[in-house]
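# no sequence on this one, just coordinates:
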């Protein structure tokens, strides 16, 4: 409510031609309150664009109080920017009737020169780390990935488990669990690694594991792919059009026992396949996630956004 008052005052004083709402909950809900008051007072609202983030609709749709606010917001949105078709379909199901921009990753892509070249088999075999996203509550399932890796300690003796972006609870759990399994490991708390260090982690990792209850298009998965790392990702993410489940990535069901363990074992035992997949995934990143590709795809102008 407090933020909506600032938004209302800004609209009245600034009189914008276009309003861009970033993220549905923190940005959208206050805007919807302001828009409702202005509309009730007879003021015509400017064209409004909403950019969806990872869990805006996929996660919050399951809560009636949130779903009501989402539907109210979509009444005032005329233009939508999303990462994946899944979220656009949800928006239309919840009442959105406007136009959509080309699907584009929120993270903004990776400079072309940072995408590695395909490796030889010997180069790929030197990768001796496994990168694990350490997100905790409310959505992250880093502890589940750690549990499964610890259960495979005999197969992982020559690897280092590197848990990144670890929440406090995940870091504590990882330290206890991986030490008990007598595995080599490193734990990096959230924001401990800068971007260059994250890319370096992916470059030395054979496998990336990212599990969550809810996600959009995971930048961590795409950047792992950009450094030649094989992705294992939960099915809650927007992966369609980026990887082929069972081929160029392992897509696992969080609720299906054994999915993750089988995916890890398969990846460790078939390094020839992973090295072939690396070439395919790097081509996908160059085509769809490199800065040069996204600049072309996102090259819309201010005047085009304002077209009726």
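Noted; the coordinates are in hand. What you are looking at is a predicted structure, and each value in this text was computed from that prediction instead of being measured.
# now do stretch 163-180: everything it contacts.
131-137, 140, 142-143, 146-147, 149-150, 161, 185-193, 198, 201, 220 (C-beta atoms under 8 Å, 6 or more residues apart in numbering). All C-beta atoms are positioned from the backbone trio N, CA, C, and that covers glycine.
# check which residues of that stretch are buried.
Neighbour-count burial for stretch 163-180, with 16 or more other C-beta atoms under 10 Å as criterion, is recorded at 163-167, 170-171, 173-174, 177-178.
# kindly report the same for stretch 45-55.
45, 47-55.
# show me the residues you listed that map onto strands.
In this view, those that belong to strands under DSSP state E are 47-51.
# what's the closest of the buried residues of stretch 163-180 to residue 17?
Closest approach between these and residue 17, by C-beta to C-beta: residue 165, at 38.2 Å.
# please, which helix or strand holds that closest one?
Here residue 165 is covered by strand 160-166, with elements defined by DSSP states H and E.
# my guess is residue 60 contacts residue 28, does it?
No: using C-beta atoms under 8 Å, residue 60 is not in contact with residue 28; the gap is 10.4 Å.
# joint contacts of those two?
Common contacts of residue 60 and residue 28 (C-beta under 8 Å, 6+ apart): residue 70.
# tell me the secondary structure for residue 206?
strand (DSSP: H, G, I helix; E, B strand; the rest coil).
# could you report the neighbour count for it?
When neighbours are defined as other C-beta atoms under 10 Å, residue 206 has 22 of them.
# what residues are up against it?
Residue 206 touches 124, 127-130, 159, 229-230, 267-268, 271, 274, counting by C-beta under 8 Å, 6+ apart.
# ok, 10 Å please
Counting by C-beta atoms under 10 Å, 6 or more residues apart in numbering, residue 206 touches 124-131, 159, 228-230, 267-268, 271, 274-275, 278.
# tell me what the top helix by length along the chain is packed against?
Identified as the longest helix of the chain according to DSSP state H is helix 271-288. On a contact count with 3 or more C-beta pairs under 10 Å, 6 or more residues apart in numbering; DSSP states H and E, helix 271-288 meets helix 121-125, strand 205-210, helix 219-226, strand 230-234, helix 259-269, helix 291-297.
# the second one: partners in the sheet, and parallel or antiparallel?
In its sheet, strand 205-210 lies beside strand 129-133 (parallel), strand 230-234 (parallel), with partners assigned from DSSP bridges.
# buried stuff in that strand?
Neighbour counts using 16+ other C-beta under 10 Å place 205-210 of strand 205-210 among the buried residues.
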